[in-house]
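Colleague: here is my input; please provide its structure:
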Amino acid sequence: MSLDSENISKNGWSEYGRLVLKELERLNAGQDDIKKDLEKKFNDLNEKISDFKNTEKDVEELKKWRENVIEVWSVSQMKQGKDEIYKQKNEWQKVIGIVITVQVIIGLIIAFKDKIF
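Modeller: Numbering: from 1, shown residues only. Have a look, this model is predicted:
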């Protein structure tokens, strides 16, 4: 082998080595990009799963609350309670009306007591 062919051979291997390193760097950068993208998607998926679990927990709590309310007070009992409240409210209005009427009559009697007696 001559000096020129040996030089060409070394330069060829050197060039080949640079090309291989450049390709490996490109592949490494591509893998890093894929890794970052997958991590981002994984984090997004974890957030959505957490939101779903929180929603599921809220639904369970509301379901238990509803069962407790129905267990304590059924719909028919709620209607009866409402009807009773309105019945008592109407009775108080009647009592207040009677008291006002009695006060007006007493006021008229006091105002016209000289003319009546």
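
Colleague: lowest-scoring secondary structure element of this protein by mean pLDDT?
Modeller: The weakest-scoring helix or strand in the chain, judged by mean pLDDT, DSSP states H and E, is helix 113-116 (a mean of 77).

Colleague: can you list contacts of that one?
Modeller: Applying C-beta atoms under 8 Å, 6 or more residues apart in numbering, the contact partners of helix 113-116 are Ile109. To be clear about C-beta, it is placed using only N, CA and C from the backbone, and glycine gets the same treatment.

Colleague: would you mark the buried spots in it?
Modeller: Residues of helix 113-116 include none that count as buried (16 or more other C-beta atoms under 10 Å).

Colleague: how far away from the center of its chain is it?
Modeller: In terms of C-alpha atoms, centre = their mean, to the nearest Å, the centre of helix 113-116 is set 73 Å apart from its chain centre.

Colleague: for it, output the C-alpha coordinates as CSV.
Modeller: What follows is helix 113-116, C-alpha atoms only, in CSV (Å, rounded to 0.1, in the frame of the first residue of the first chain):
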residue,chain,number,x,y,z
LYS,A,113,-117.4,55.9,72.6
ASP,A,114,-118.9,59.3,73.3
LYS,A,115,-121.6,58.9,70.6
ILE,A,116,-122.4,55.3,71.5
